[in-house]
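J.: Can you look at this prediction? I've put the sequence above it.
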Amino acid sequence: MSDSPLLHDLELDLLTELFNIGVSQAATSLSQMVQQEILLCVPRVEFSTPQELAQRLGQQQSVIAISQEIDGPFSAYAMLLFAEHNSLMVVRQMLGNQLSEETLAELQQEALSEIGNIVLNACIGAISQGINDSFDIKLPHIKVATPDHLFDHLFDDFQVPSDQETILSLHIDMRLRDSQITSYLAFLLRGISFNQLKQTLINVLINIDTPENKKLRR
Amino acid sequence: MTTGGHQIEYLPNILNSINCGLIILDRDEKIIFWNHWIEQHSIISAQHALGKYFTEVFFEMSSSRVHEAIRNTLQLGYPSVISNVLNRAPFPLYSPYTLEKTAHAQHRIQQAIHISPILYPDNHRHCLIQITDVSASVMRERALEYQVSERKQTEKELNYFKTTLDMTMDCVFMFDPDTLKFFYVNQGAMAQVGYTYNELLNMRPYDIKPKFNEAAFREMIAPMLSGKQCSTNFETIHQHKNGSQIPVEIFLQYISPPGETPRFVAIVRDITERKKIDNLKSEFISTVSHELRTPLTSIRGSLGLLIGGALGTLPQDVKNLIDIANKNSERLLLLINDILDMEKIESGNMKFNYAVQPLLPLIQQALVINQAYVDQFEIRFELTTELNQVYVNVDADRLIQVLSNLISNAAKFSPAGSCVNLSMAHHANNIRVSVADQGQGIPEEFQHRIFHKFSQADASNTRQKGGTGLGLSISKSIIETMSGGIGFSSKTGAGTTFYFDLPEWDAPVANSNCAIK
Amino acid sequence: MPTKGSILIVDDSRVSRMMTAALIHEQRPSWEIVEAGNSDEALALIEQQPVDFFSIDFNMPGLNGLDLIKLVKSRCPNAKIVLFTANTQDSIQRKTNQSGAVCINKPITKQSINQILEFFS
């Protein structure tokens, strides 16, 4: 698993904090919507290749991905990923009723879109606020695929050579009423976008008024 | 919006013809576009809506999720999805086809909403609200859910019965009436014969019954298929996969409910234990009877000699006492013989020597044998028939035993001086022999038990009429063994007729196979 | 407004501690600022020295912020404690108030830090 060499410890730390804030805000919104306590937390941020992430998602399962294209200080596809059977459970738990277990019908897919939209908006919002900049966000798309096919074509659009395909991924623990569900947040960054991300993080860190920084600035 | 000139002019027309709602708000949340669909579904005209604030027109929605999303869009440029499942019907919109004057919250259309930012040429963000009516989808999903839960409920009930049937310790076999292949066997059945479910589904009942081949089995079930019978009870042997044999009793039913495929259902009971007990009982009876018979024969022998005058003439009062002793020991002997006969018949050990022979001589013989006995009751017997030579396939001695039983009963229960009529006639494909007396008739309460063992109308009768109470039971068994049937008709005060039917046979031709007519 | 005071910042994110410390130092240059990365470190620290104010993050490995608040309250009953977290659902707020502390919303900005300092005075 390739992570630390790409971002410095502090940069990763900052990113993790920003995501935690975003995800907590999303939890508050979701919680208000369904009058239930929902806890979301992000243990850590990692960088991986599409293959590594696919492996972590599990080979056979079908995965639901809600993705929003974002553009700003860096560009990316932001995605919220659930294993298909987990996704149904999320909707069911939030509604507290007995939906049919069989498949994800169109209306349930849309509900997941909304949940994805809330989480992604909150995370992008927290990052925006943290780096003091803003992003353009498009409406979410929903897709069902097996992990190995999840990122097909997306990197094509970015024209990224295959050895530079990097995904910034976070594992999100969702604690709902009776269950704990794992989902993933994945940011597919275009090649140069990765550097842009790194730069924006560094800018934030430098501007914190720590004694070391003050010395550096002089 | 960088399309050609004409198209921009047509844009409002297009937007007003589409089948979903479109509202555009400016950066202050004022309504600057309100399409036709929204007019129709909100009952608010564009004239009234344009230029007003969103919260003026939709006053109950000011602290709603939709309003929050609108603010996010205008301030931060974020798009929002407001799904139906999590929000149901935020806007007060109603179907134009079923509008009631006072639109009730319950009648709102189910909505799915998308809210997104649009950058206007003046570089200010505007907010586009798109609303779709998803009521049809919601109804479909609810119907589907209902079907699924119904199906689950049905499956659950079905499963309940199936597991009950699977696990009851009775052995249940079901097979198809045409192919005779098993299509269901329960756990008990599999345990009994030692085959697996899959193996049995390829087998037929006669595959596990050494006493039956296909032809014999089909013959047995034929009356049920043709509707003459709906069930049958029989004993046979089941052969286990490992070769061991199990005596069983089978209750076989043909079930054909209307609208369903018909099937055979067999409930099989292992009667090994019962057979053991029966065998023990038989042996016991046999042994005891033999043990009783030996001394009894000696007693009779001695008494007989005395009566015969072997020791000279006896004084009358001595003779009387010896007479009583003799008669009673004879009675005892008859009882023991009857009990032994009964046991032989029940255990299948009674030997029959069949021969095709004319029936009339046998009846005549029976009358002669019983003449002396009958005379003591002062009864006259007459034999009437219109038949010529008719033949039956019977064991002569046993048939005479049956006739003797009926004749002696008729004599016992007839008033003195009356006449008992014996007749022989055709009855369906059989020959019926009837013995009709003019006695008191059989009381109704007693009629159903008349062929049962040890049954006599009442205790007092026994003393008067004598007899062991086994006669009719033995006669029934004998006639049935000879493929016949026995019965009676009786009316209180008007006499009783006992009859038996036997299949009629062709006269025997030397060296040929005899056949039933 | 107390010019002297000591504050313990408990947060598993180093960047968060840095940012919080920097913003507090800006407003309260004379205060002593100490940091701890988790509950164990925090408890060890207060054994060694008295602390007047606490800013505690909720989501931490080991003991979470709420549980830590209870322990700190029992050791330093007069201390003023803030639960500084992005997670401000009703249930969390309620539990914080029950423990005698207050819940302040992250992100870490001048405004949120001012809110904290207001509570401390």
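T.: Thanks, I have the structure now.
J.: list the contacts for residue B:206?
T.: Applying CB atoms under 8 Å, 6 or more residues apart in numbering or on different chains to residue B:206 gives the contacts B:180, B:212, B:213, B:214, B:216, B:217. C-beta: built from backbone N, CA, C; applies to glycine.
J.: let's see 10 Å
T.: B:180, B:212, B:213, B:214, B:215, B:216, B:217, B:218, B:220 (CB atoms under 10 Å, 6 or more residues apart in numbering or on different chains).
J.: Around the residue of chain B found nearest chain C, how many other residues sit close by?
T.: Here the residue of chain B nearest chain C is residue B:76; by CB to the nearest CB that distance is 14.3 Å. Residue B:76 has 17 neighbours, counted by other CB atoms under 10 Å in any protein chain shown.
J.: What pLDDT does the model give it?
T.: Residue B:76 carries a pLDDT value of 90.
J.: Would you indicate which residues of the helix or strand where residue C:111 lies are buried?
T.: Here residue C:111, judged by DSSP states H and E, is contained in helix C:110-120. For helix C:110-120, the neighbour count (16 or more other CB atoms under 10 Å in any protein chain shown) marks C:112, C:113, C:115, C:116, C:117, C:120 as buried.
J.: Distance of the first one relative to residue C:60?
T.: Think residue C:112. Separation of residue C:112 from residue C:60 (CB to CB, to the nearest Å) stands at 18 Å.
J.: Quick check: the residue of chain B closest to chain C touching residue A:126?
T.: No. Using CB atoms under 10 Å, residue B:76 is not in contact with residue A:126; the gap is 11.7 Å.
J.: Show me what the worst-scoring helix or strand of chain C on mean pLDDT is packed against.
T.: The weakest-scoring helix or strand in chain C, judged by mean pLDDT, DSSP states H and E, is helix C:90-98 (a mean of 86). With contacts taken as 3 or more CB pairs under 10 Å, 6 or more residues apart in numbering or on different chains; DSSP states H and E, helix C:90-98 sits against helix A:9-34, helix C:65-75, strand C:80-85, strand C:102-105.
J.: Next one, pLDDT for whatever residue of chain A ends up closest to chain C please.
T.: Nearest residue of chain A to chain C (CB to the nearest CB) works out as residue A:24 at 3.4 Å. With respect to pLDDT, residue A:24 has a value of 88.
J.: just the strands in chain A please.
T.: A:39-41, A:45-48, A:63-71, A:76-83, A:136-137, A:141-145, A:166-175, A:180-189 (DSSP state E).
J.: most neighbours per residue, which of those?
T.: Comparing these by mean neighbour count (mean count of other CB atoms under 10 Å in any protein chain shown), strand A:76-83 comes out on top with a mean of 24.
J.: Let me know the angle separating that one from strand A:63-71.
T.: Interaxial angle, strand A:76-83 versus strand A:63-71 (axes from the mean of the first three to the mean of the last three CA atoms, to 10 degrees): 170 degrees.
J.: ok, strand A:76-83 near chain B or not?
T.: No. Residues of strand A:76-83 are not located near chain B by CB under 10 Å from any CB of the partner chain, the shortest gap being 11.9 Å.
J.: thinking again about what came up before, the strands of chain A into CSV, with extra columns for mean pLDDT?
T.: Formatted as CSV, the strands of chain A follow (pLDDT from 0 to 100):
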stretch, mean pLDDT
strand A:39-41, 82
strand A:45-48, 83
strand A:63-71, 90
strand A:76-83, 88
strand A:136-137, 91
strand A:141-145, 89
strand A:166-175, 82
strand A:180-189, 85
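J.: so how far is chain B from the spatially most central residue of chain A?
T.: Nearest residue to the geometric centre of chain A (CA atoms, centre = their mean): residue A:185, 2.5 Å. Applying CB to the nearest CB, to the nearest Å, the value for residue A:185 to chain B is 16 Å.
J.: Could I get the contacting residues of that residue?
T.: Residue A:185 touches A:19, A:22-23, A:42, A:45, A:78-81, A:116, A:119-120, A:123, A:168-172, counting by CB under 10 Å, 6+ apart.
J.: Nearest to chain A: which residue in the stretch 251-400 of chain B?
T.: At 29.5 Å from chain A, residue B:260 is the closest residue in the stretch 251-400 of chain B, using CB to the nearest CB.
J.: Wasn't that residue part of a helix?
T.: No. Using DSSP: H, G, I helix; E, B strand; the rest coil, the secondary structure at residue B:260 is coil, not a helix.
J.: Show the pLDDT at the residue in chain C positioned nearest to chain A.
T.: Nearest residue of chain C to chain A, counting by CB to the nearest CB: residue C:86, 3.4 Å away. As summarised for this prediction, residue C:86 has a pLDDT of 83.
J.: Quick check: phi and psi on it?
T.: phi -80, psi -20 (degrees, to the nearest 10).
J.: Chain A contacts on chain B?
T.: Counting by CB under 10 Å from any CB, chain B sits next to chain A at B:65, B:68-69, B:72-73, B:76-87, B:110, B:112-117, B:119, B:130, B:132, B:134, B:137-138, B:140-141, B:144-149, B:152.
J.: same thing with chain C?
T.: Residues of chain C lying near chain A by CB under 10 Å from any CB: C:11-23, C:25-26, C:57-59, C:61, C:64, C:85-92, C:105-109.
J.: ok, residue B:195 to chain A distance?
T.: 37 Å.
J.: Single out the most deeply packed of the helices and strands packed on helix C:90-98.
T.: Most buried among these, counting by mean count of other CB under 10 Å: strand C:80-85, with a mean of 24.
J.: circling back to that earlier point, drop anything exposed from the residues of chain B next to chain A.
T.: Buried, going by 16+ other CB under 10 Å: B:65, B:69, B:72-73, B:76-87, B:110, B:112-117, B:130, B:132, B:134, B:137-138, B:141, B:145, out of those.
J.: For the residue of the stretch 251-400 of chain B closest to chain A, grab the count of nearby residues.
T.: Per other CB under 10 Å, the neighbour tally for residue B:260 reads 8.
J.: How many residues are close by residue B:410?
T.: Neighbours of residue B:410 using other CB under 10 Å come to 27.
J.: With residue B:198 instead?
T.: 7.
J.: Torsion angles phi and psi at it?
T.: The phi/psi pair for residue B:198 (degrees, to the nearest 10) is phi -60, psi -40.
J.: And it, how far from residue B:175?
T.: Computed as CB to CB, the residue B:198 to residue B:175 distance reads 15 Å.
J.: How about residue A:72?
T.: Distance, residue A:72 to residue B:175, using CB to CB: 75 Å.
J.: more neighbours, the two?
T.: Per other CB under 10 Å, whichever of residue A:72 and residue B:175 has more neighbours is residue B:175, with 23 against 19.
J.: now the more buried one: how far from chain A?
T.: Residue B:175 is 36 Å from chain A, by CB to the nearest CB.
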